[in-house]
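Chemist: Predicted model and sequence follow; I will ask about them next.
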Amino acid sequence: MVRIRAHLETLAHQPVSDVAGAARRAREARQELPETGRPADELLALVFDRLLSKSFNTASPGYLAYIPGGGLPAAAVGDLIADSINRYVGVWLAAPGLVELEANVVRWFCQMVGYPAAARGFLTTGGSLANLSAVVTARSERLGEEFRGATFYASDQIHHSLPKAARLAGLPAASLRSVPTDDLFRIRIDALREQIAADRRRGARPFLLVASAGTVNTGAVDDLETLAAVAAEENLWLHVDGAYGGFFVLTERGRRRLTGIERADSVSLDPHKSLFLPYGTGCLLARDGGALRRAHQLTADYMPALQDDPERIDFCEISPELSRDFRGLRVWLPLALHGAAAFRRALDEKLDLAAWAAHELEGIPGIEVVAKPQLSIVAFRLRRPGVDAAATDRLNRELLARINARQRVFLTATLLRGRFVIRICVLHFRTHLDRMRMAIEDVRRAAAEL
């Protein structure tokens, strides 16, 4: 506990990313199976003093890269308790009270997105597995046992876990229709309708439409209301990938931006993103809980009695996992301890900070804001007169390197329609205006140097 406390208390002053010499340090972690034990102090020194420091500091307030994960201390306490008591929650009968506690969390999430009482869901290790189960459920509900000729639709900005999920679900790569996006990087409804019609004419079997509630590249939110209408017209399963942005429904602005999410057949969420919890905490919700059961249910002679009462949930019946950890406590404890209002205020702050950053970037000579925040991501690049596309990409790679070299913030890049752009993602509960001022100052200085 002393080392953990010291680590957390110095986060604001630690380098945001330091991987220089990391390969050499990593070799220190390669060890033969020990025959006898070593002192705890020696082992903790290896972790904290030698290995931990050579990594992306994802717990830092300056971590504005990828999609930050929070790691609320209350969640760590929940994990300590859950791992210590080591109760099994895959079957209701094994730990009824603890299963109900985790079911509370799922019900809260269903209420957040506007789902009816019949909705069900389960906690996963993250959005990738949630999306996998969503594809499997959609396949089960719309295609049954025969899914030759199946096609599904998503924007060209979709998270790569969806194509991977389709592959794991037995669908060929050609089954995905990548639909172009508009100037705001949202799926184009006209192009979507044209593709569905073309597929039906050639005898394909459209079954799934995936919408984004916050893309990784730009935080773009598709027109969920219109997509829900298209899905209803075409009898497609509508899945909303809300892993990054779904929990912004807690805020008034986020709820407006995500209008229509309540009409989706399924929604994936990542509490380890926009609820600031530790990595390894995802969720899948389904509007019709029975669909999850039909897609995942399987029993065996050695299983204990499962529940017929609809108020009692056997998570193994509606999800892929039988053996699993007690994830619910790491979610329930922070929400019960702090209350939803605290998370709402924090998410509102992130929306404000992203908007502030976009405004400040527009005031830096040569900086072009390529994607203004729809949630809490802003994408930008540096442009110089008379510089061609390839040279502009090289210029921005150098800009990113110089920003990160200052070690006060850590930004990452992506490609938008072939252009190299830099991203700021504001989603850490420790990130406040003081750190955002540092970020903009570092961008301004690095740009001036170039």
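Modeler: Sure, I can see it.
Chemist: so where's the stretch 301-450 of the chain shaky on pLDDT?
Modeler: Applying pLDDT under 70 to the stretch 301-450 of the chain flags residues 307.
Chemist: Kindly recompute the last result at 90.
Modeler: For the stretch 301-450 of the chain, the stretches with pLDDT under 90 are 301-312.
Chemist: can you map out the helices along it?
Modeler: 315-318, 328-338, 340-362, 389-405, 433-449 (DSSP state H, counting those that start in this stretch).
Chemist: which of those helices is buried the deepest?
Modeler: helix 315-318 (a mean of 24; mean count of other CB atoms under 10 Å). Where C-beta positions appear, they are placed from N, C-alpha and C, glycine not excepted.
Chemist: Not counting its own residues, what contacts that one?
Modeler: 89-91, 99, 102, 120-122, 289, 292-293, 296-297, 306, 321-322, 324 (CB atoms under 8 Å, 6 or more residues apart in numbering).
Chemist: Counting only helices, which of the residues you listed make the cut?
Modeler: If you go by DSSP state H, the contacts of helix 315-318 have 99, 102, 289, 292, 293, 296 in helices.
Chemist: Would you format these as CSV with distance to residue 445, neighbour count and pLDDT included?
Modeler: Output for the ones in helices among the contacts of helix 315-318, formatted as CSV (distance: CB to CB, whole Å; neighbours: other CB atoms under 10 Å; pLDDT from 0 to 100):
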residue, distance to residue 445, neighbour count, pLDDT
99, 54, 24, 96
102, 48, 21, 97
289, 53, 21, 96
292, 51, 27, 97
293, 57, 17, 95
296, 53, 19, 95
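Chemist: Rebuild the helices of the stretch 301-450 of the chain as CSV, extending it with distance to residue 154.
Modeler: Below are the helices of the stretch 301-450 of the chain laid out as CSV (distance: least, CB to CB, whole Å):
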stretch, distance to residue 154
helix 315-318, 24
helix 328-338, 28
helix 340-362, 24
helix 389-405, 26
helix 433-449, 31
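Chemist: out of those, which comes closest to residue 1?
Modeler: helix 328-338 (17.5 Å; CB to CB).
Chemist: That closest one packs against which elements?
Modeler: Secondary-structure packing of helix 328-338 (3 or more CB pairs under 8 Å, 6 or more residues apart in numbering; DSSP states H and E): helix 73-85, helix 96-113.
Chemist: Next, please give the residue ranges for the strands of the chain.
Modeler: 120-124, 150-155, 176-179, 205-212, 237-242, 266-269, 282-286, 367-371, 377-382, 412-416, 419-425 (DSSP state E).
Chemist: Could you export the ones you listed as CSV, including mean neighbour count and distance to residue 66?
Modeler: Compiled in CSV, these are given as follows (neighbours: other CB atoms under 10 Å; distance: least, CB to CB, whole Å):
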stretch, mean neighbour count, distance to residue 66
strand 120-124, 28, 19
strand 150-155, 24, 19
strand 176-179, 19, 22
strand 205-212, 26, 16
strand 237-242, 28, 16
strand 266-269, 32, 17
strand 282-286, 28, 16
strand 367-371, 19, 16
strand 377-382, 26, 10
strand 412-416, 16, 6
strand 419-425, 22, 7
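Chemist: follow-up on the earlier one: compare the helices of the stretch 301-450 of the chain and give me the one nearest residue 245.
Modeler: helix 340-362 (9.9 Å).
Chemist: who touches the closest one?
Modeler: 108, 219, 247-248, 250-251, 253-254, 274-276, 335, 367, 369, 372-373, 375-378, 380, 424, 426-427, 429, 431-433, 436, 439-440, 443.
Chemist: what angle do it and strand 419-425 make?
Modeler: 140 degrees (axes from the mean of the first three to the mean of the last three CA atoms, to 10 degrees).
Chemist: ranking the helices and strands packed on helix 328-338 by burial, who's on top?
Modeler: By mean count of other CB under 10 Å, the helices and strands packed on helix 328-338 have helix 96-113 as the most buried, with a mean of 19.
Chemist: Tell me how far it lies from the chain's centre.
Modeler: 20 Å (CA atoms, centre = their mean, to the nearest Å).
Chemist: and what of stretch 320-329?
Modeler: With CA atoms, centre = their mean, you get 19 Å for stretch 320-329.
Chemist: buried residues in that stretch?
Modeler: By 16 or more other CB atoms under 10 Å, the buried positions in stretch 320-329 come out as 321, 324, 325, 326, 327, 328, 329.
Chemist: Can I get these in CSV including distance to residue 59?
Modeler: As requested, the buried residues of stretch 320-329 are arranged in CSV below (distance: CB to CB, whole Å):
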residue, distance to residue 59
321, 27
324, 25
325, 21
326, 23
327, 20
328, 23
329, 20
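Chemist: can you tell me which two in those are farthest apart?
Modeler: 321 and 329 (16.5 Å).
Chemist: now residue 58: how far from residue 279?
Modeler: 8 Å (CB to CB, to the nearest Å).
Chemist: Repeat that for residue 270.
Modeler: Distance from residue 270 to residue 279, by CB to CB: 9 Å.
Chemist: ok, the two, which is more surrounded?
Modeler: Using other CB atoms under 10 Å, the more surrounded residue of residue 270 and residue 279 is residue 270, with 28 against 14.
Chemist: Any idea how many residues pack against residue 53?
Modeler: Neighbours of residue 53 using other CB under 10 Å come to 15.
Chemist: typed the wrong thing, it's residue 52
Modeler: Neighbours of residue 52 (other CB under 10 Å): 14.
Chemist: quick revisit: between residue 58 and residue 279, which contacts overlap?
Modeler: What both residue 58 and residue 279 touch, as defined by CB under 8 Å, 6+ apart, is the set 69, 71.
Chemist: of all the helices of the stretch 301-450 of the chain, which lies closest to residue 33?
Modeler: Closest among the helices of the stretch 301-450 of the chain, using CB to CB: helix 328-338, at 30.2 Å.
Chemist: Need the contact partners of that closest one.
Modeler: So helix 328-338 is contacted by 72, 74-79, 81-82, 89, 98, 101-105, 108, 123, 271, 275-278, 281, 343 (CB under 8 Å, 6+ apart).
Chemist: Off-centre distance for it?
Modeler: 19 Å.
Chemist: Same check on stretch 393-402?
Modeler: 27 Å.
Chemist: same deal with stretch 242-250?
Modeler: For stretch 242-250, the distance to the chain centre is 9 Å (CA atoms, centre = their mean).
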